[in-house]
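Undergrad: mind looking at a prediction? Sequence and model below.
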Amino acid sequence: MMNRWVRRAGAWLGVGLILAGSVCCLNDLFWQHDEWSRVMFHSFYSQKENIDNVFIGSSHVFCDIDPFMLDEINDENNFNLATSGLQLNAAYYLLKEADSRHTLSRAVIELYYALNMDYSECGINEWRVTDYMKWSLNKVRAIGDLEITKLPESLFPFMRFRGYLDDYEYMHETAAQKKDDAYRSCRYITADGNGITEYREKGYWYSTSTLESRIYKRRLAIQEDSFGAEAERYLRKIIEYCRQNGIEIYLTVNPIYELEVLSVEDYDAYYRRIDSIAKEYDVPFYDFNLCKKEYCDIQHPEYFKDTGHMNVYGVELFTPFLWSVLTGDEADNKKYFYGTYDEKLRSAEPEIYGLYYHEENGENIYTVAGNREDGMEYRIILTSETQDGQTEQRMLQDFYTNKTFAVPSDEHGICTVVARMSDDPDNVQCLEVQY
Amino acid sequence: MDLAIQTLNRVGGIFHASPVTWDHHIILPVGISFYTLQSLGYLIDVYRGEIYVEKNFLRYALFVSFFPQLVAGPIERSKNLLKQLGTKHRLTYYNIRDGILLILYGLFLKMVIADRAAVWVDEVYSKPDVYQGFYIIFATILFAIQIYCDFYGYSTIARGSAQLMGISLMDNFNAPYYSKSVKEFWRRWHISLSSWFRDYLYIPLGGNRKGTIRKRINLMIVFTVSGLWHGASLAYIFWGMLNGIYQVAAEIKDAGKHFIRRVLKLPEGKDTFSARAGKTAITFFLVTFAWLFFRAGGFHAAMEVLTNMAANMDGLILFDGSLYGLGVDRQSMYIMFISIAVLFAVDHYKYRGVDVLQKFWEQGYWLKAACIVGMILTITLYGCYGTMYDVQQFIYFQF
């Protein structure tokens, strides 16, 4: 009797082992890791010293904050616990993960607008967290929080790459990636734009690229009720968790280049929503997009690697300022910020930052991003190449207040915008962008 | 209700009566059409004295709402399921083993074949004026496979889930596409429903005991009701009637053939392989043609599909790669064909009366292990689910 059960158990164990072996092989062949998340988690789990301050958020954290600089400033251990596109549901489990391994003093939650609207695309962003978290009850809960249809793919990552089943080049590339020295030693360095990007441990993405293109495809237009219900639910859970566990919590929004902020059209609606939640819990909230120029003059292309992320030069300027605000008196800190984004625009000298656009019925609708709603006049000239190779120049308007124009999606060329204030015609600004 | 009001308005329209409106959306309980028949069967069995009166309400409630088969059958008989629920069950190795294998096979049918075929079928049937001729013919054949795998897949998963708990549910399908007549097809397709209609409708109506004409009328009634059970739409009723007509026509043909043979003193035809294959092919064609009405979803839509089927008969599309452009690429199509071949191979043994499950466990260890691991990997790699696919509802959930 006993023998029979041992034999049966052995037989099924054999099946289990064959299956596990097959899954490992398939993972090796198909699973292209999210390199950044992998190296960040490797760095996180190899932290020997206690982490005092965690900065949790998306790429806007790991690109914008230098934890090494903070270490020197505050003589504590700081860590950017951030992955690309991180949303608040995954942020909640990341916070718990950090808290279960370290005695946290502060948690800074960054709230980039575009990730807190709609969670309909749930899955991929969470996998960047669940794939690399060590197995624990917290990880099981994080996986359990995913949509039920995402569960198999969470447990067996190769299943997400089934589209490449007949792509031998892809398989070869994936297998080769895992033999690479940089992969094995969890290093990350790559050419990026006009500079380099390098992983600098503790969740810091060091980049020397600078913003070149002044054209931006709008991610979304913010409306009054744009803040997603799920995002809000998790934000509340995060705040309550910190409260219960004696962690000082700060809500922040790191600065993005003005061109992107302007593209969302009603940024103040987003600010108001977060601010009301923060006030409800009496939690400090600092939106650095509302920061006054005289305290942190960051809105220059040379401080950004793209419209949403800073480069090393921006980081050097922003990191100490961020810390001084976080540790400053909340009432005193008000002097650094405008009350609304609209107020900030009105207070600044007239300026144009670039063009943002969105697609509509086969056309790209371009808008000149400037800090004046009215009173500004624009001359808009499009230069494109015709089918027979000739250069064609079209003036769409000559110093007129309209700042929106449509161009067929498949048309490309150079757009020249000359702007001036109607009451100061001699003070002109010129912008040339490839569209 | 919709069909009744629709019909009433049509009739009223003839007499210029103002149409009746119905804006209420009735929420139907899950699996209502399945457990209504199951409960009705139990009542009739009790009335006939074929089953004892179940006085334990909880056991009766469990019989009616037994979760594996609640939503889409099989429609179990009280003599099978209720009796089993009254006995003690032990968790046994054999039940778990068989249950797991059945669930895996069911998932394979649903996720690898049915949902993959659905992508192609849905695309063609949503634009019959764009995809004409052989596109529609191929889509209709694929739909025949899709609906079989979808429903058979669900029934097999249900059987497997019940088996894990030591409950044995009836096998709802027995290689129906190997049938040599429509009559045989209905003995092998959705067996629990066909046998329900036979025992509780056809036989009480007189069955074949009241002469040839009555038998044929009874057949037509049964299949019309069967169509109505599937959905309150003229297309389903027509589909049911068409299946009834097939059987009546086959009976008339057989009687005619028999009469001619007797008069001319011709010998009985030989049962050769080609004759058998021909009969199977004709049966498949007839059943598939009827599926067209089932899939189109409405009588007018079915007519539109039929009209477009006859237009632009370009057979080249079957060979020039055009088939791969409708949401199912070449590789995916090959996987589907290989999987269908596996299905038909298994069905072939089933048709010959082999207990496939038993036969499987009699094989050598490595073959069994390879099959189980292969099945799991095929489902995980080629199953239509997750980020790249729209999850398809089981077709029979709507009935």
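TA: Yep, it's here. Residues are numbered from 1 along each chain as shown, chains lettered A, B, ... in the order given.
Undergrad: which stretches of the stretch 101-250 of chain B form helices?
TA: Counting by DSSP state H, counting those that start in this stretch, the stretch 101-250 of chain B has these helices, from start to end: B:115-126, B:134-164, B:182-188, B:191-197, B:212-230, B:234-264.
Undergrad: so which of the ones you listed gets nearest chain A?
TA: When the helices of the stretch 101-250 of chain B are compared by Cβ to the nearest Cβ, helix B:115-126 sits nearest chain A, at 12.0 Å. The way it works is simple: take the backbone N, C-alpha and C, and place the C-beta from them, glycine included.
Undergrad: just the buried positions in the closest one, please.
TA: Using 16 or more other Cβ atoms under 10 Å in any protein chain shown as the test for burial, helix B:115-126 gives B:Asp115, B:Arg116, B:Ala117, B:Ala118, B:Val119, B:Trp120, B:Val121, B:Asp122, B:Glu123, B:Val124, B:Tyr125.
Undergrad: need the residues you listed in CSV (columns: pLDDT and distance to A:Met171).
TA: Compiled in CSV, the buried residues of helix B:115-126 are given as follows (pLDDT from 0 to 100; distance: Cβ to Cβ, whole Å):
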residue, pLDDT, distance to A:Met171
B:Asp115, 88, 25
B:Arg116, 87, 22
B:Ala117, 88, 27
B:Ala118, 88, 28
B:Val119, 85, 24
B:Trp120, 86, 27
B:Val121, 88, 31
B:Asp122, 87, 31
B:Glu123, 86, 29
B:Val124, 86, 32
B:Tyr125, 86, 35
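Undergrad: if we can go back for a sec, could I get the helices of the stretch 101-250 of chain B in CSV, plus columns for distance to chain A?
TA: Output for these, formatted as CSV (distance: least, Cβ to the nearest Cβ, whole Å):
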stretch, distance to chain A
helix B:115-126, 12
helix B:134-164, 15
helix B:182-188, 32
helix B:191-197, 29
helix B:212-230, 28
helix B:234-264, 30
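Undergrad: dump the ones you listed into a markdown table; add distance to A:Tyr271 as well.
TA: Below are the helices of the stretch 101-250 of chain B laid out as a markdown table (distance: least, Cβ to Cβ, whole Å):
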| stretch | distance to A:Tyr271 |
| --- | --- |
| helix B:115-126 | 44 |
| helix B:134-164 | 50 |
| helix B:182-188 | 67 |
| helix B:191-197 | 61 |
| helix B:212-230 | 56 |
| helix B:234-264 | 55 |
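Undergrad: how close does B:Lys257 get to B:Ala250?
TA: For B:Lys257, the distance to B:Ala250 equals 10 Å [Cβ to Cβ, to the nearest Å].
Undergrad: hmm, A:Leu165 is touching B:Leu377, no?
TA: No. A:Leu165 is beyond contact range of B:Leu377, at 11.2 Å (criterion: Cβ atoms under 8 Å).
Undergrad: does the spatially closest residue to B:Ile51 that is not a sequence neighbour lie in a helix or a strand, and which?
TA: In this structure, B:Ile51 finds its nearest non-sequential neighbour in B:Asp45, 4.2 Å apart by Cβ to Cβ, 6 or more residues apart in numbering or on different chains. Under the criterion of DSSP states H and E, B:Asp45 resides in helix B:32-48.
Undergrad: and the angle for that helix with helix B:212-230?
TA: 130 degrees (axes from the mean of the first three to the mean of the last three Cα atoms, to 10 degrees).
Undergrad: which of B:Lys257 and B:Ala250 has more neighbours?
TA: B:Ala250 (15 against 12; other Cβ atoms under 10 Å in any protein chain shown).
Undergrad: helix or strand right after the longest helix anywhere in chain A?
TA: Longest among the helix segments of chain A by residue count, using DSSP state H, is helix A:2-30. Using DSSP H and E, the helix or strand that directly follows helix A:2-30 along the chain is helix A:35-45.
Undergrad: which other helices and strands contact that next one?
TA: Applying 3 or more Cβ pairs under 8 Å, 6 or more residues apart in numbering or on different chains; DSSP states H and E, one finds that helix A:35-45 contacts strand A:78-82, strand A:195-199.
Undergrad: so which of the ones you listed is the most packed in?
TA: Each of the helices and strands packed on helix A:35-45 was scored by mean neighbour count; the highest is strand A:78-82, a mean of 27, by mean count of other Cβ atoms under 10 Å in any protein chain shown.
Undergrad: run the chain-centre distance for that one.
TA: 14 Å (Cα atoms, centre = their mean, to the nearest Å).
Undergrad: sorry, back to before: so which of the helices and strands packed on helix A:35-45 gets nearest chain B?
TA: Per Cβ to the nearest Cβ, nearest to chain B of these: strand A:78-82, 23.1 Å.
Undergrad: can you give the contact residues for that closest one?
TA: A:40, A:44, A:47, A:51-62, A:65, A:67, A:70-71, A:94-95, A:97-98, A:110, A:202-204 (Cβ atoms under 8 Å, 6 or more residues apart in numbering or on different chains).
Undergrad: neighbours of the residue of the stretch 201-350 of chain B found nearest chain A, just the number please.
TA: Nearest residue of the stretch 201-350 of chain B to chain A: B:Gln331, at 4.6 Å (Cβ to the nearest Cβ). Neighbour count of B:Gln331, defined by other Cβ under 10 Å: 13.
Undergrad: once you drop chain neighbours, what's closest to it?
TA: Spatial nearest neighbour of B:Gln331, excluding adjacent residues (Cβ to Cβ, 6+ apart): A:Asp166 at 4.6 Å.
Undergrad: quick one on the thing from earlier: buried ones in the helix or strand just after the helix holding B:Asp45?
TA: Once helix B:32-48 ends, the next helix or strand along the chain (criterion: DSSP H and E) is helix B:57-64. Neighbour-count burial for helix B:57-64, counted by 16+ other Cβ under 10 Å, picks out B:Tyr60, B:Phe63, B:Val64.
Undergrad: now stretch A:233-248
TA: A:Tyr234, A:Leu235, A:Lys237, A:Ile238, A:Ile239, A:Tyr241, A:Cys242, A:Ile247.
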